[in-house]
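# fold the following for me, if possible:
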Amino acid sequence: MNGNYLESIIKQFEYYKLLGERTFSQLSDEQLMWEYTKDCNSIATIVKHLWGNMLSRWTNFLTEDGEKAWRNRDAEFDNNITSRAELITQWNEGWECLFQALKPLTDHDLGKEIFIRNQGHTVAEAINRQLAHYAYHIGQIVYIGKMSRKDGWKTLSIAKGHSKQFNTQKFAKEKHRQHFTDEFLKGKE
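Model prediction:
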């Protein structure tokens, strides 16, 4: 692996963080707490779960098992977040823990072995595992946001029926090297 992996993976996490935030910004406090049915999670519940997972996985990332003894995963699904401010605080706390663990890593660290629930992973495998997990839940957040906003939803990707127009704009430019999230992170996509 080369240094591009860590740079790329950080951009990927930033992209998913921003997808969540662009969803939150379209919703009322009530919509953030809304559950489709009593057996479904609200956005607030998913945020609480992500927060618990991030704190557990990324605290002392290289030196301790990623499933901390102090984590109560089941309680993460008993949502007690009651306001946007609480939701944003937990959201930011989880992401801050993640980025503080990732940013100092070097290529040399990627092959080291760490453990999650006593199961060995290389650092790269553990990072990929978490990226997939977070993308899964942030996809849920976006979908719940879209359902609760209905016709008032502002798409976070290429709007339905606009692929041809989007591709025409992309192919009108010269070929260049750019991470696919760069434009999104700058707010241009």
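
# mind listing residues that contact stretch 81-100?
10, 13, 17, 20-21, 24, 29, 32-33, 43-45, 47-48, 50-55, 57-59, 130 (CB atoms under 8 Å, 6 or more residues apart in numbering). From N, CA and C alone the C-beta is placed, and that goes for glycine too.

# can you do 10 Å?
Here stretch 81-100 makes contact (CB atoms under 10 Å, 6 or more residues apart in numbering) with 10, 13-14, 16-17, 20-21, 24, 27-30, 32-33, 42-59, 61, 79-80, 127, 130, 134.

# then stretch 29-42?
For stretch 29-42, contacts defined as CB under 10 Å, 6+ apart pick out 23-24, 27-28, 43-45, 47-49, 76-77, 79, 81-88, 137, 140-141, 143-145, 147-149.

# among those residues, which lie within strands?
Judged by DSSP state E, the subset of the contacts of stretch 29-42 located in strands is empty.

# now, of these, which are buried?
23-24, 27, 43-45, 47-49, 76, 79, 81, 84, 87, 137, 141, 144-145, 148 (16 or more other CB atoms under 10 Å).

# so where do the strands sit in the chain?
Using DSSP E, the strands of the chain run over 113-116, 119-122.

# from the chain's centroid, how far away is the first one?
So that's strand 113-116. 21 Å (CA atoms, centre = their mean, to the nearest Å).

# same question for stretch 81-94.
14 Å.

# which one's the longest helix in this structure?
helix 123-149 (DSSP state H).

# show me what that one is packed up against.
Where contact means 3 or more CB pairs under 10 Å, 6 or more residues apart in numbering; DSSP states H and E, helix 123-149 is packed against helix 4-24, helix 29-33, helix 43-58, helix 84-102, strand 113-116, strand 119-122.

# between these, which one is closest to L156.
helix 4-24 (5.4 Å; CB to CB).

# show me what that closest one is packed up against.
By 3+ CB pairs under 10 Å, 6+ apart, helix 4-24 packs against helix 29-33, helix 43-58, helix 84-102, helix 123-149, helix 182-185.

# average pLDDT across stretch 36-45?
What stretch 36-45 shows for mean pLDDT is 94.

# first-to-last residue distance for it?
One end of stretch 36-45 sits 12 Å from the other (CA to CA, to the nearest Å).

# what's the spacing between the closest residue to T45 other than its chain neighbours and K17?
Distances taken as CB to CB, 6 or more residues apart in numbering place N79 nearest to T45, at 4.0 Å, with adjacent residues excluded. Distance, N79 to K17, using CB to CB, to the nearest Å: 20 Å.

# adding mean pLDDT and distance to K160, write the strands of the chain out as CSV.
Listed next are the strands of the chain as CSV, based on pLDDT from 0 to 100; distance: least, CB to CB, whole Å:
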stretch, mean pLDDT, distance to K160
strand 113-116, 98, 38
strand 119-122, 98, 38
